[in-house]
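J.: Predicted structure and sequence below. I'll ask about it afterward.
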Amino acid sequence: MLSSRPICVIQPGGTVNNKEIIQDLYRHFAAGDVPSVTAAFADDIEWTEADGFPLAGTYTGPKAVVENVFMRLGDFSDNWGVDVDRFIADGDTVVAEGRYTWNHKTTGEPCAVRMAHVWTLADGKATHFLQHVDTARVRELIE
């Protein structure tokens with residue numbers, strides 16, 4: 001069944017598709033521009049961190065995501081990053097596939113683990129985020 005939601009949003013200066021919205025979101029995250037990241041979120045975004053991940057849970061709204069995810073990455077890591085290898089888009093869904101990178105909190109050793117993020121968008125805003133990651137490997141690397 002085809003979605004009735006738009007896959008493109010008209011922005012000043014042109015049309016932006018869902019894949020470009022999510023690509024921009026990751027660029028803003030890498031630059032540390034949290035206000036621009038959260039500007040891409042719907043007011044009621046549902047953000048789900050995988051069971052077994054240090055920040056596991058579902059958080060609703062941009063403020064909850066910032067407080068319970070972004071601001072807590074430093075609890076167990078230094079220099080947290082997300083390197084996306086590819087984006088896959090289909091209608092209102094965009095998947096970002098890549099790896100998390102960070103430095104061990106105590107030793108400073110570099111760490112990395114594969115991940116996939118599944119985003120759902122509506123009307124040019126991210127409404128859902130679902131994290132897929134090897135949580136056992138993450139826990140092993142942060143110990």
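T.: Structure received.

J.: what about the strands in the chain?
T.: 8-11, 14-17, 41-49, 57-60, 77-90, 93-104, 110-122, 125-133 (DSSP state E).

J.: need the longest helix for the chain.
T.: Criterion DSSP state H: the longest helix present in the chain is helix 18-30.

J.: Specify the beta-bridge partners of the residue most central in space within the chain.
T.: Taking C-alpha atoms, centre = their mean, the centroid of the chain lies closest to His117, which sits 6.1 Å from it. When assigned by DSSP bridges, His117 has beta-bridge partners Ala96, Gln131.

J.: which residues sit in contact with it?
T.: The contact partners of His117, by C-beta atoms under 8 Å, 6 or more residues apart in numbering, come to Val95, Ala96, Phe129, Leu130, Gln131, His132. All C-beta spots, glycine's among them, are computed from the backbone N, C-alpha and C.

J.: where does the protein dip in pLDDT?
T.: Filtered on pLDDT under 70, the chain yields the residue ranges 1-15.

J.: Just the CA atoms of stretch 27-34, as PDB, please.
T.: Extracted in PDB, the C-alpha atoms of stretch 27-34 (Å, rounded to 0.1, in the frame of the first residue of the first chain):
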ATOM      1  CA  ARG A  27      25.600  16.700   9.300                       C
ATOM      2  CA  HIS A  28      24.200  18.900  12.000                       C
ATOM      3  CA  PHE A  29      24.800  16.300  14.700                       C
ATOM      4  CA  ALA A  30      28.400  15.900  13.600                       C
ATOM      5  CA  ALA A  31      28.800  19.700  13.800                       C
ATOM      6  CA  GLY A  32      27.300  19.700  17.300                       C
ATOM      7  CA  ASP A  33      24.400  21.800  16.200                       C
ATOM      8  CA  VAL A  34      21.700  20.200  18.400                       C
END
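
J.: Buried ones in that stretch, by neighbour count?
T.: Neighbour counts over stretch 27-34 (16 or more other C-beta atoms under 10 Å) mark His28, Phe29 as buried.

J.: from the chain's centre, how far out does it sit?
T.: 11 Å (C-alpha atoms, centre = their mean, to the nearest Å).

J.: before we move on, what about stretch 60-79?
T.: 11 Å.

J.: Counting neighbours, what do you get for Ala56?
T.: Look at Ala56: counted by other C-beta atoms under 10 Å, it has 12 neighbours.
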